[in-house]
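# how would this look folded up:
(2 chains)
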Amino acid sequence: MKENRVGILSKIALAVMTVIFLFPFLICILMAVKSKQETSKAILSLPKSIHWENFTVAIEKAKILLSMKNSIIITVCSVIIILLVASTAAYAIGRRYHKRFYRFYETLLVGSMMLPFQVIMVPVYRMYKDLNLLDTRVGAVIMISGMAIAYSTVMMIGFVRGIPIELEEAAEMEGAGRFRIFFTVIFPLLKPILATVATLQFLAVWNEFNVSILLLQDEAIKTIPMQQYVFFGAYGADYNTAFAAAVIAMIPVVLIFLVLQKQVVAGMTAGAVKG
Amino acid sequence: MKRIKREISYFVFLIPSLLLFVFCIAYPFISGIQLAFTDWDGISRTYNYVGFDNFIKLLSDRNVVQPIKTTVIYGVGVTALNNVLALFLAVTLSKKLKGKAFFKTSFFVPLAISAVLASFVWKYIDSNMLSALFGHSLLGKRETVLLGIILISLWNNLGSNVMIYMAGITGISKDYEEAAMIDGANGRQRFFHITVPMLMPSFTICITLTLTASLREFGTVLAATGGGPAGSSQTVAILIYDYMFKYSRAGYAQAISLVFMFFLVIIGLVLTKFFRSKEVEA
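Next comes the predicted model:
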C-alpha cells in the first residue's frame, strides 16, 4: 500500500519536473513567433499568425550568419585537432604503458583536468597578447583544443590498450611503418570512442565561453555564445527578436544532440567511470 | 639501434600532444606562478616583482570575504540539489515506465544549451513569470539571487548526473534486489541498503565533479547577473575576472587564482578519498 503511494508521488514529481524542464523551450518558440504587442498582452497566449519577420530581423541585428560561420569554423577545426592529437597520444601512451615517462605524462594530463581555468586565464591572456594571437580564430582553436586534449586522451587510452597487439604485429611483419599501422589498423578500430569524444567535444566547443570571452573580443570574430552574450545585453528590451535569435542558435545544436544522444550518454558515463 | 628506432617511432605520436600541452597548460601555469609575484596591470608590457605582497594583501582583503561565502553557498547548494534530484530521477527512470525515452530526453536536452542562452531564457522567465509567483524576481534580489542562479545551473546541467546514476543503477545486479525482496525488505530498505551502497562509485564521481565544477562556475553567473545585484552573486571566479579586466590588477588576480586552485585541488582529493573509502566490492 505504502509502496504504491511512493510510486504515485514519484510519478507526479517526475511529471512536474518534466514540464519545468521543457517550459523554457516552449517559451523560446512562443516568444520567437509573436509580435511585441501580443507579448505585452499575455506572454503565454498563442499568436494570431506566425511573425516570421522576427527571424529576419534577428539574423540581421544579431549578426547570426557571421557568428554562425565563426562558430562552425572554430568548432570543426578544434574537434578535428582534438581527435587527431588525442588519438595519437593515446596510442603512444597505451602501447608504452610500461614506460615510466608515458605513465608520468598520463598523470600530468589527469592532474591538469583539476586545474580551474582561472589559474591560467591571466598568463594565457599575456602570452596571447605578446604573440598577437588575441582576436584570431587560430589562437582560439589552439587554446580550446589544448584545454580539451587531456580529457579526450585519458578517455581513449583504455580503449587503445584493449586492442590486441597481435593485429599490429601482423602488419609490422609485412613491413608497414608505424604511421601506416596507426592509420590503417588502430584508427579504424577506435571509431566508437572517436565518435563519442567527437560528440562530447562538439557540444563543449560549440558552447564554449571561458576561452572565448578571454580571447575573442572583436566583433568580427565572435562565436554564437559570445555574440549572444553581447546581443542579449544590448537588445534585452526587444525580447521577440532576441528569442528569435536564440531559437536560430538552438536549432542546429539541439537537432545534433537528439540524433547523437546515445553517443552523449556513452561519453558522459564512460568518462565518469574513469573519474 | 633497432630498439631505439622503435621507441622513437612511438614517441613521434606523442609530440603534437606534448606541444599543445606545453603551450596551452604547462607554460601558462608556470608563468602564472611567476606573475602572481608581480604588480602586472594586465595592459602594459612591463611589471615589477613585489615578492609576497599579493598574498599578504589577500589575507586582509575585505573584498574576497563575500565572494568566498557566495562561492561556498552556491557550490554546496548546486551539489546537494543536483545530486538529490539526479538520483531521484535516475531511480524513477530506471523503473518500468511508459514514455521513458521522452522523459529522459527532456532532462538531457538542456545539456546542449550554452550557459549564456540558458541564463537569458531563465532571466526572462524570472522577471516576467516567477516575479508574479513569488512577488519579486529571484535574480533581482540579494537574498534570492543565488537560488535563482542555482535553478539555472540545475536546468542546464542536471542531465549528466542523471546519466551517470542511471548507468550505475543498470550495473547493479538484480540478484541483490530479489534476495532482499525474499527477505522481506521494503522499498525504502532496499534503496538505502542496496542501491545507495552499490552506487558509491557514482557518488564519488557525481558529487566530486559537481562540487569542483560549481565552485569554479563562471559563465552562468556572468551571463545571469554579472555578479549583481550589488555584488551579492559575485563568486571567486568572477572576482578574479573583475580584478583582471575591471580593476587592472592582473598580478593580484593571479595570486588569488593560485590560492583558489590550491583549495579546489584539496577539496577534490579529500572528497574522492572519502567516497572511495565508502565504496564496496561488488
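
# any idea which element residue A:213 lies in?
In the assignment (DSSP states H and E), residue A:213 maps to helix A:210-215.

# can you pull the buried residues of whichever helix or strand comes after that helix?
Going down the chain from helix A:210-215, the next helix or strand is helix A:224-234, by DSSP H and E. Residues of helix A:224-234 classed as buried: A:224-232 (neighbour count, 16 or more other CB atoms under 10 Å in any protein chain shown). C-beta here means a position set from N, CA and C on the backbone, and glycine is covered the same way.

# likewise stretch B:244-254?
Buried, per 16+ other CB under 10 Å, within stretch B:244-254: B:244-245, B:249-254.

# mind listing which of those residues are in helices?
B:244-245, B:250-254 (DSSP state H).

# These: which ones sit near chain A?
Among these, the residues that sit close to chain A (CB under 8 Å from any CB of the partner chain) are B:244, B:250, B:253-254.

# still on that earlier bit, let me know the average pLDDT across the helix holding residue A:213.
Per-residue pLDDT values over helix A:210-215 give a mean of 93.

# what does stretch B:179-187 give?
86.

# Quick check, the residue in the stretch 1-150 of chain B closest to chain A?
Residue nearest to chain A within the stretch 1-150 of chain B (CB to the nearest CB): residue B:24, separated by 2.6 Å.

# Isn't that residue up against residue A:143?
Yes - in this structure, residue B:24 is within contact of residue A:143 by CB atoms under 8 Å, at 5.6 Å.

# what's near enough to touch residue B:273?
Contacts here follow CB atoms under 8 Å, 6 or more residues apart in numbering or on different chains; on that basis residue B:273 touches nothing.

# thinking again about what came up before, could you name the helices and strands sitting against the helix holding residue A:213?
Counting by 3 or more CB pairs under 8 Å, 6 or more residues apart in numbering or on different chains; DSSP states H and E, the packing neighbours recorded for helix A:210-215 are helix A:118-130, helix A:137-161, helix A:224-234.

# returning to what we had before: just the buried residues of helix A:224-234 that are near chain B?
Answer for those near chain B (CB under 8 Å from any CB): A:224-225, A:228-229, A:232.

# If we only consider the residues you listed, which is nearest to residue B:82?
Relative to residue B:82, the closest of these is residue A:225; by CB to CB it sits at 22.1 Å.

# Give the full set of residues in contact with the closest one.
Counted by CB under 8 Å, 6+ apart, residue A:225 has contacts A:207-209, A:212, B:114-117.

# let's go with 7 Å and repeat that
Contact analysis of residue A:225 by CB atoms under 7 Å, 6 or more residues apart in numbering or on different chains lists A:207-209, A:212, B:114, B:116.

# cool, and residue B:165?
B:86-87, B:90, B:199, B:202, B:206.

# Please identify which of residue B:24 and residue A:143 sits among more neighbours.
Counted by other CB atoms under 10 Å in any protein chain shown, residue B:24 and residue A:143 do not tie: residue A:143 has more neighbours, with 27 against 24.

# Tell me how far that one lies from chain B.
Relative to chain B, residue A:143 is positioned 6 Å away (CB to the nearest CB, to the nearest Å).

# Surely that residue and residue A:216 touch.
No - judged on CB atoms under 7 Å, residue A:143 makes no contact with residue A:216 at a distance of 10.1 Å.

# distance of whatever residue of chain A ends up closest to chain B from residue A:211?
Across chain A, the shortest distance to chain B (CB to the nearest CB) belongs to residue A:146, at 2.6 Å. Residue A:146 is 9 Å from residue A:211, where distance means CB to CB, to the nearest Å.

# So residue B:118 sits against residue B:155, correct?
Yes - applying CB under 7 Å as the test, residue B:118 and residue B:155 come out as touching, 6.4 Å apart.

# pLDDT below threshold where in the chain?
Answering for chain A, as no chain was given. A:1-3, A:235-237, A:271-275 (pLDDT under 70).

# um, chain B though
If you take pLDDT under 70 as the line, chain B has these spans: B:281-282.

# Okay, the most centrally placed residue in chain B and chain A: tell me how far apart.
Nearest residue to the geometric centre of chain B (CA atoms, centre = their mean): residue B:213, 1.4 Å. Distance, residue B:213 to chain A, using CB to the nearest CB: 9 Å.

# For that residue, which non-adjacent residue is spatially closest?
residue B:157 (8.0 Å; CB to CB, 6 or more residues apart in numbering or on different chains).

# tally of neighbours for that neighbour?
Neighbours of residue B:157 (other CB under 10 Å): 21.

# Helix or strand: which one has it?
helix B:145-171.

# continuing past that helix, what's the next helix or strand?
helix B:174-182.

# about what we covered before: any chance of the ones in helices among the buried residues of stretch B:244-254 in TSV with distance to residue A:80 as columns?
Converted to TSV, these look like this (distance: CB to CB, whole Å):
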residue	distance to residue A:80
B:244	31
B:245	31
B:250	33
B:251	37
B:252	39
B:253	33
B:254	33
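
# Among those, which one lies nearest to residue A:21?
residue B:245 (34.3 Å).

# What count of nearby residues applies to the nearest residue in space to the closest one that is not next to it in sequence?
Distances taken as CB to CB, 6+ apart place residue B:42 nearest to residue B:245, at 7.0 Å, with adjacent residues excluded. Residues contacting residue B:42 under the criterion other CB under 10 Å number 22.

# who are the neighbours in contact with residue B:42?
Residue B:42 touches B:244, B:248, B:250, counting by CB under 7 Å, 6+ apart.

# same question, residue B:256
B:58, B:64, B:239-240, B:243.

# For the residues you listed, pick the one with the most neighbours.
Across the contacts of residue B:256, neighbour numbers were computed from other CB under 10 Å; residue B:240 holds the maximum, 28 neighbours.

# Which residues of the stretch 151-275 of chain A lie near chain B?
A:153, A:178, A:182, A:203, A:207, A:209-210, A:225, A:228-229, A:232, A:239, A:246, A:249-250, A:253-254, A:257, A:261, A:265, A:268-269, A:272, A:275 (CB under 7 Å from any CB of the partner chain).

# rewinding a little: let me know the secondary structure of the residue nearest to residue B:245.
coil (DSSP: H, G, I helix; E, B strand; the rest coil).

# Likewise for the one 3 residues further on?
Following three-state DSSP, we place residue B:45 in the coil state.

# Any part of stretch A:67-86 near chain B?
Yes - using CB under 7 Å from any CB, stretch A:67-86 reaches chain B at residue A:85.

# hang on, residue B:119 in a strand?
No - assignment of residue B:119 by three-state DSSP gives helix, placing it outside any strand.

# Residue A:26 - how many residues pack around it?
Counted with other CB under 10 Å, residue A:26 comes out at 11.

# May I have the phi/psi pair for residue B:49?
phi -80, psi 130 (degrees, to the nearest 10).

# Can you pull the phi and psi angles for residue B:183?
Dihedral angles (degrees, to the nearest 10) for residue B:183: phi -70, psi 0.

# now residue B:50
Torsion angles, degrees, to the nearest 10, at residue B:50: phi -120, psi 20.

# And it, how far from residue B:56?
10 Å.

# Those two: which is more packed in?
Shown here are residue B:50 and residue B:56; by other CB under 10 Å, residue B:50 has more neighbours (18 against 12).

# Report the contact partners of that one.
Per CB under 7 Å, 6+ apart, neighbours of residue B:50: B:37-39.

# circling back to that earlier point, what touches both of residue B:118 and residue B:155?
residue B:110.

# Out of the contacts of residue B:256, list just those in helices.
B:58, B:239-240, B:243.

# circling back to that earlier point, and the residue nearest to the centre of chain B, how far from residue A:262?
Applying CB to CB to residue B:213 and residue A:262 gives a distance of 24 Å.

# Contacts only, for residue A:72.
No contacts exist for residue A:72 under CB under 7 Å, 6+ apart.

# Just give me the neighbour total for the spatially closest residue to residue A:89 that is not a sequence neighbour.
Counting by CB to CB, 6+ apart, residue A:89 lies nearest to residue B:17, which is 3.5 Å off, once chain neighbours are set aside. Per other CB under 10 Å, the neighbour tally for residue B:17 reads 25.

# and residue B:17, what does it touch?
Applying CB under 7 Å, 6+ apart, the residues near residue B:17 are A:85, A:88-89, A:149, A:153.
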